[in-house]
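Visitor: sequence below, structure please.
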Amino acid sequence: MSRTITTRADIGFTLLELLVVLAILGGLAAMSLPRLRLNEGARLRASAHALVVDLRLSRDEAIRRGQVTALVSDGHGYRLLPDGHHKSLPTGMSLTLGMSGGSLVSFPADEIRFFPDGSATGGSLIVQLGEGSAIRVGVRGFDGKVRLHD
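Guide: Okay, here's the model as predicted:
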């Protein structure tokens, strides 16, 4: 019976085999990476929904505390008053605030206020992704209702 003895050099993979496997894995990763990223439309909708939630919470806080609350825009995010919490929008997004024409009292153009009775100054906020798509969030003045307009 003959027995073959393997030497240490025969065990394992060659450098060429390892490089081929790494190249294949790199190609698969490069093809699947764009699918793993959240698409731009979903990022825009998620940011608009977060803004709606913060506006509704601000209105609820005004009613609960019995004092005026506000959302102040700075273009790339917003601050919630009176607590001062700052929220930033994702890179490439901007926030524009437009006041409603029916307001009897003049307020700063960069904020929406909520009053203890549930009403608000009213207006609309535009969440925009670069120069492309945008979503409008409206705040009704007489009852402070917040709505998302796709």
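Visitor: what comes up buried for the helix or strand bottoming out on mean pLDDT in the chain?
Guide: Confidence across the helices and strands of the chain bottoms out at helix 15-36, with a mean of 80, counting by mean pLDDT, DSSP states H and E. Buried positions in helix 15-36, judged by neighbour count with 16 or more other Cβ atoms under 10 Å: none. Heads up, the C-betas are built off the backbone N, CA and C, glycines and all.
Visitor: give the other helices and strands that the longest helix anywhere in the chain contacts.
Guide: Scanning the chain for the helix with the most residues, using DSSP state H, yields helix 40-65. Secondary-structure packing of helix 40-65 (3 or more Cβ pairs under 8 Å, 6 or more residues apart in numbering; DSSP states H and E): strand 69-73, strand 77-81, strand 93-98, strand 111-114, strand 123-129, strand 134-139, strand 146-149.
Visitor: want to throw those strands into JSON lines with distance to residue 13 and mean neighbour count?
Guide: Below are those laid out as JSON lines (distance: least, Cβ to Cβ, whole Å; neighbours: other Cβ atoms under 10 Å):
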{"stretch": "strand 69-73", "distance to residue 13": "59", "mean neighbour count": "22"}
{"stretch": "strand 77-81", "distance to residue 13": "52", "mean neighbour count": "18"}
{"stretch": "strand 93-98", "distance to residue 13": "47", "mean neighbour count": "17"}
{"stretch": "strand 111-114", "distance to residue 13": "64", "mean neighbour count": "24"}
{"stretch": "strand 123-129", "distance to residue 13": "47", "mean neighbour count": "20"}
{"stretch": "strand 134-139", "distance to residue 13": "53", "mean neighbour count": "20"}
{"stretch": "strand 146-149", "distance to residue 13": "56", "mean neighbour count": "14"}
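Visitor: these into a markdown table, with extra columns for mean pLDDT and distance to residue 14?
Guide: What follows is these, written out as a markdown table (pLDDT from 0 to 100; distance: least, Cβ to Cβ, whole Å):
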| stretch | mean pLDDT | distance to residue 14 |
| --- | --- | --- |
| strand 69-73 | 93 | 61 |
| strand 77-81 | 91 | 54 |
| strand 93-98 | 87 | 50 |
| strand 111-114 | 93 | 67 |
| strand 123-129 | 91 | 49 |
| strand 134-139 | 93 | 55 |
| strand 146-149 | 91 | 59 |
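Visitor: include distance to residue 60 when you put the ones you listed into JSON lines, please.
Guide: Shown next, in JSON lines, are the helices and strands packed on helix 40-65 (distance: least, Cβ to Cβ, whole Å):
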{"stretch": "strand 69-73", "distance to residue 60": "9"}
{"stretch": "strand 77-81", "distance to residue 60": "12"}
{"stretch": "strand 93-98", "distance to residue 60": "20"}
{"stretch": "strand 111-114", "distance to residue 60": "9"}
{"stretch": "strand 123-129", "distance to residue 60": "18"}
{"stretch": "strand 134-139", "distance to residue 60": "13"}
{"stretch": "strand 146-149", "distance to residue 60": "11"}
